[in-house]
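In: one predicted model, sequence on top.
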Amino acid sequence: MAYLRCTAAPILRPCLSSSFAHSLKPYALNSGIRYLSSTATLRSATISQTHIFNDVAPLRKFRRELLFNNRTVGLVPTMGALHAGHLSLVRQAAAENTDVFVTVYVNPTQFGLNEDLASYPKTWEADLEMLHQLNQELASTGQGRVSAVFAPSTKVMYPILPPDSAIPGAGSFVEMRPLGQLLEGASRPVFFRGVATICMKLFNICTPDRVYFGQKDIQQTVVIKRLVKDFHLNTDVRIVATSRESDGLALSSRNVYLGARRRNVGIVLNQALRKAEAQYKAGKRLRGDILWPAVDHGDKVQLEQETMEPNERVRFQVDYLSLADPDTMEEVDQVDATKGAILSGAVKMLPVEEPQEDEELGVGGGQIPVRLIDNLVLDPVE
Ligand SMILES: Nc1ncnc2c1ncn2[C@@H]1O[C@H](COP(=O)(O)OP(=O)(O)OP(=O)(O)O)[C@@H](O)[C@H]1O
Ligand SMILES: CC(C)(CO)[C@@H](O)C(=O)[O-]
Ligand code: BAL
């Protein structure tokens, strides 16, 4: 019965063989969600449920069974704290694959020693609920669905040496130079080493047909494409458009720390990038011509804030505004219109001064600095 319904097209769902056996922890959290580890055995598994894996071996077994049944896997790596941006990745993965694997792991090696690893938001129960709801929506569309969530421990992901975030850190790492040292990599020196390393591990474990990454983290997408190409990884990299609030702010897990005051001013980055994009659309190709209105807008907003009282103003620092080659992320003096370019930037929203009574300050009381990134792709036009 099970084999009858197997197909490579992302339409039919319950098709694991009845001989399929893997392990199950003795409890389930949400309806439709099962925990799988290496202790007990689950027989006659169907994938009408989302299986939660913490270990590599049972996940590999599950993946192998899918392969034998000609099913395709789309992998969506995340650090949890899911929002609509993540769900757009899952939706695209479900439209293009029979099965979607979502990984939830806050990877320590991509955080520098002074970065926000400890305070990174964790919303595990809500994440599972969002995936469960999404699966219900997907069921009515006949597309693929989330059949596995992989939420490993750090010991599982770093089995030999504990993760080391120091720049000369001990461990096994994948690095792209100079790509990983530019822009985000200049501000976060171990970031792309950590990302490339953890993605290499996740790709090896899940052997996905396709991997899904958000355009919001555009340099990360360039790093992943380089990883796949340089190491001959057998997967297709798919990039999903940035999901935004109605005013243009890119959705991000870290936005929960902003609070209303910083949230309203945080749109400055997107506004600045749009001004630069307008120059390109108006036919400008020189770096200075494209970037100056963006720099000017940042300066004006900063000045405006400085004239305000400390209990109302927002302090922020522009880390960079970049006009870069789409393949290398190297800065360009002039856009080659046959190739296009990437406009990107980062701002650091500093802690709120003198909070007002009843002010909505976000998680952390407005005291956690928030780094916002954004980008716009300048498409080739000639
Ligand atoms: N607004 C968004 N639109 C599309 N994809 C997104 C968006 N935000 C995140 N993603 C993508 O989701 C994947 C997982 O990202 P991650 O879990 O780090 O979330 P995040 O919102 O980027 O969090 P943060 O920026 O605070 O680390 C990445 O591929 C990322 O690019
Ligand atoms: C790709 C990723 C899950 C690796 O930890 C992370 O960098 C992210 O969430 O973008
Ligand atoms: N979204 C990229 C992961 C990070 O900022 O650490």
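Out: Nice, I can see it. Ligands and ions are numbered 1, 2, ... in the order given.
In: and the closest residue to ligand 2 within the stretch 201-350 of the chain, how many residues sit next to it?
Out: Closest approach of the stretch 201-350 of the chain to ligand 2 (CB to the nearest ligand atom) occurs at Asp217, with a separation of 5.1 Å. The way it works is simple: take the backbone N, C-alpha and C, and place the C-beta from them, glycine included. For Asp217, the tally of surrounding residues (other CB atoms under 10 Å) stands at 20.
In: same deal with the one 4 residues further on?
Out: The local packing of Thr221 (other CB under 10 Å) involves 20 other residues.
In: for the residue of the stretch 51-200 of the chain found nearest ligand 3, what are its contacts?
Out: Of all residues in the stretch 51-200 of the chain, Gln110 sits closest to ligand 3, with a separation of 5.3 Å (CB to the nearest ligand atom). Under the criterion of CB atoms under 8 Å, 6 or more residues apart in numbering, the neighbours of Gln110 are Arg188, Val190, Phe191, Phe192, Arg193, Gly194, Val195, Ile198.
In: and ligand 2, which of those residues contact it?
Out: With respect to ligand 2, and counting by CB under 6 Å from any ligand atom, the subset of the contacts of Gln110 in contact is Val195, Ile198.
In: show me the contacts of Gln110 that map onto helices.
Out: Secondary structure from DSSP state H places Phe191, Phe192, Arg193, Gly194, Val195, Ile198 of those in helices.
In: between these, which is nearest Pro159?
Out: Ile198 (13.2 Å; CB to CB).
In: is that closest one in contact with Pro108, as I believe?
Out: No - in this structure Ile198 lies outside contact range of Pro108 using CB atoms under 8 Å: 9.2 Å.
In: okay, these two: which has more neighbours?
Out: Ile198 (22 against 19).
In: ok, back up a step: can you report phi and psi for the residue of the stretch 201-350 of the chain closest to ligand 2?
Out: Dihedral pair for Asp217: phi -100, psi 70, per degrees, to the nearest 10.
In: kindly report the same for Asp99.
Out: With angles defined as degrees, to the nearest 10, Asp99 sits at phi -130, psi 140.
In: export the contacts of Gln110 as a markdown table, with columns for distance to ligand 3 and pLDDT.
Out: Converted to a markdown table, the contacts of Gln110 look like this (distance: CB to the nearest ligand atom, whole Å; pLDDT from 0 to 100):
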| residue | distance to ligand 3 | pLDDT |
| --- | --- | --- |
| Arg188 | 8 | 96 |
| Val190 | 10 | 97 |
| Phe191 | 7 | 98 |
| Phe192 | 10 | 98 |
| Arg193 | 12 | 98 |
| Gly194 | 8 | 98 |
| Val195 | 7 | 98 |
| Ile198 | 10 | 98 |
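In: the residue of the stretch 201-350 of the chain closest to ligand 2 - nearest residue in space that isn't next to it in sequence?
Out: The shortest distance from Asp217 to any residue other than its chain neighbours is 7.0 Å, reached at Ile373 (CB to CB, 6 or more residues apart in numbering).
In: so that neighbour: helix, strand or coil?
Out: Reducing the assignment at Ile373 to three states with DSSP: H, G, I helix; E, B strand; the rest coil gives strand.
In: now the one 3 residues further on
Out: On the three-state scheme (three-state DSSP), Leu376 is labelled strand.
In: right, I'll leave it there.
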